[in-house]
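K.L.:
Sequence first, then the predicted structure, then my questions.
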Amino acid sequence: MIRTSIPLVGTVLLLAACQPQEEAPPSAATTPAPLDTVILETSRGRVVIELIRERAPVSVANFERHVKAGFYDGLIFHRIAPNFVIQAGRVMENRAERTSQAPPITNEADNGLQNLRGTVAMARQDYPHSATSEFFINLKDNAKLDFREATYEGFGYAVFGRVIEGLDVVDAIAATKPVRRGMYAEYPTDPTVIRRAFLQGTDAPGP
């Protein structure tokens, strides 16, 4: 199950509430507009994400809000689950937390998008509508994460984007050695840092 992890003890920063190697399959639409594309500049290379706004408008708006605020800058991919997912959106390099004050969003997993290799989806707690800032990238086709029915067990995880460049970087992140915690292989010994996340066409994150 993809969920936001149990909180760590550490400094809490608040976000204001207002505000090719193998590549993933291309969008059925034409080349995405610049502001429908988010670039993650990581310590292992660049990952470019196309946002699927027409199918996941709430999730996209939420992700954009965090990107524009610079929320993801300096965070790490804190969960490395080989042959499954890599996850980011909460933990800093020193393992302290950065906590979002943005309210949980509606789960859009019933939008028809599947958790295929290279797609980007919202992580959450057990409650289906509990996603805030954390997201994951699928390392393979993960049909078990797709929407089946509107129940706790069957709601699934909402896909809102796809990697259109840098899937080799995603694989390199996934290859970093994790430290096993319980049943999950999570924190990497050599974490990949998101140095900067921004909307394509902008020089830097906005206010």
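P.N.:
Yes, it's here.
K.L.:
what about this protein, any weak spots by pLDDT?
P.N.:
1-35, 180-185, 203-207 (pLDDT under 70).
K.L.:
Specify the helix with the largest residue count in it.
P.N.:
Ranked by residue count under DSSP state H, the longest helix found in the chain is helix 57-68.
K.L.:
Helix 57-68 and the helix or strand immediately after that one in the chain, what's the angle between them?
P.N.:
Remark: after helix 57-68, the chain's next helix or strand is strand 75-81, criterion DSSP states H and E. If you take axes from the mean of the first three to the mean of the last three Cα atoms, to 10 degrees, strand 75-81 sits at 130 degrees to helix 57-68.
K.L.:
helices and strands around the next helix or strand after strand 75-81, which ones?
P.N.:
Following strand 75-81 in sequence order, the next helix or strand is strand 85-92 (DSSP H and E). Other helices and strands packing on strand 85-92, by 3 or more Cβ pairs under 8 Å, 6 or more residues apart in numbering; DSSP states H and E, are strand 75-81, strand 98-100, strand 135-138, helix 167-174. Where you see a C-beta, it was placed from the backbone N, CA and C, and this is true even at glycine.
K.L.:
quick one on the thing from earlier: how far away from the center of its chain is the longest helix of the chain?
P.N.:
Computed by Cα atoms, centre = their mean, to the nearest Å, the chain-centroid distance of helix 57-68 equals 11 Å.
K.L.:
List the buried residues for it?
P.N.:
Buried residues in helix 57-68, defined by neighbour count with 16 or more other Cβ atoms under 10 Å: 58, 59, 60, 62, 63, 64, 65, 66, 67, 68.
K.L.:
Out of these, which is nearest to residue 154?
P.N.:
Each of these was scored against residue 154 by Cβ to Cβ, and residue 59 proved nearest at 18.4 Å.
K.L.:
ok, the residue nearest to that closest one when sequence neighbours are not counted - contacts?
P.N.:
Spatial nearest neighbour of residue 59, excluding adjacent residues (Cβ to Cβ, 6 or more residues apart in numbering): residue 160 at 3.7 Å. Residue 160 is in contact with 51, 52, 55, 56, 59, 60, 63, 108, 113, 120, 121, 122, counting by Cβ atoms under 8 Å, 6 or more residues apart in numbering.
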